[in-house]
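1. 3D model of this:
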Amino acid sequence: MESAYTPVEEPSEWWLKGLAVFMALLGLLYAFSAFASGITPAIMEETVFSFEWEQIEPYPENGTQEEKDEWEEGRMAWQDMLEYNEEMVEVIQISALHSGLLAIIAFLSTILLWTGNRDIGIKSFGAWIGVNTLGGFWMMWKWSAIGFTPLDDYGPEAGGTFIPDIINTLSFTLGVVQIACCNIVLLSILALISVKSRPEVVLKE
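-> A predicted model of the protein is given here:
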């Protein structure tokens, strides 16, 4: 059945091709991020996690009681840092998967948009924004759960947890705001290109 609408003017193909180039750059960025996040745990395993406190600071057998107490405090701090890094590595591994997924979606979007497959290409860009937003919020939540700083509890003897709590809350808030603002901008770009790449039509007489 013949359509009652006919195109008035075909929009410039460079609206979609420009977005394709943008998505290709995002794909490269997130592919690199996935690679870097993927090898970080292995590097940490060979460096940070391979050392014991005794290897870094030999126990002062003939030292004073004060020196021995300081050594024990250092050992406890080192152990706390190792535990923090282990939790951090878990988040980094998930971050690598998230970045890898974003890279794949971005490259698929690049192909679709460059070849002029407007509808699916724009939807894939929208899906990329959704994955990026939800994943980003989840990452911020996980980072805040383990603490943005290794020392997130100084104990009541050292003045409580007021300062690290502020740092953690501030970092989480700024992170969420940044993610929201970036993705609002991307949604604006999506809306603009969706409108500009849509063929104008009129009703046949």
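2. can I get the CA coordinates of stretch 32-51 in CSV?
-> Below are the C-alpha coordinates for stretch 32-51, written out as CSV (Å, rounded to 0.1, in the frame of the first residue of the first chain):
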residue,chain,number,x,y,z
PHE,A,32,41.4,1.4,26.4
SER,A,33,39.7,1.8,29.8
ALA,A,34,38.6,-1.9,29.7
PHE,A,35,42.2,-3.0,28.9
ALA,A,36,43.7,-0.8,31.6
SER,A,37,41.2,-2.0,34.2
GLY,A,38,41.7,-5.6,33.1
ILE,A,39,45.4,-5.6,33.7
THR,A,40,45.4,-3.6,36.9
PRO,A,41,44.5,-6.5,39.2
ALA,A,42,47.4,-8.6,37.7
ILE,A,43,49.8,-5.7,38.2
MET,A,44,48.7,-5.2,41.8
GLU,A,45,49.0,-9.0,42.4
GLU,A,46,52.7,-8.8,41.3
THR,A,47,53.4,-5.7,43.3
VAL,A,48,51.3,-4.6,46.2
PHE,A,49,49.9,-8.0,47.2
SER,A,50,53.3,-9.8,46.8
PHE,A,51,54.8,-8.0,49.8
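3. contacts for that stretch, please.
-> 82, 85-86, 89, 92-93, 95-97, 99-100, 103 (C-beta atoms under 8 Å, 6 or more residues apart in numbering). The C-beta positions use only the backbone N, C-alpha and C, and glycine is treated the same way.
4. pull out the buried residues from stretch 192-202.
-> Using 16 or more other C-beta atoms under 10 Å as the test for burial, stretch 192-202 gives 193-194, 197.
5. what residues does the residue sitting nearest the centre point of the chain make contact with?
-> By C-alpha atoms, centre = their mean, the mean C-alpha position of the chain lies nearest to Gly136, the distance being 5.3 Å. If you count contacts by C-beta under 8 Å, 6+ apart, Gly136 has them with 175, 179, 183.
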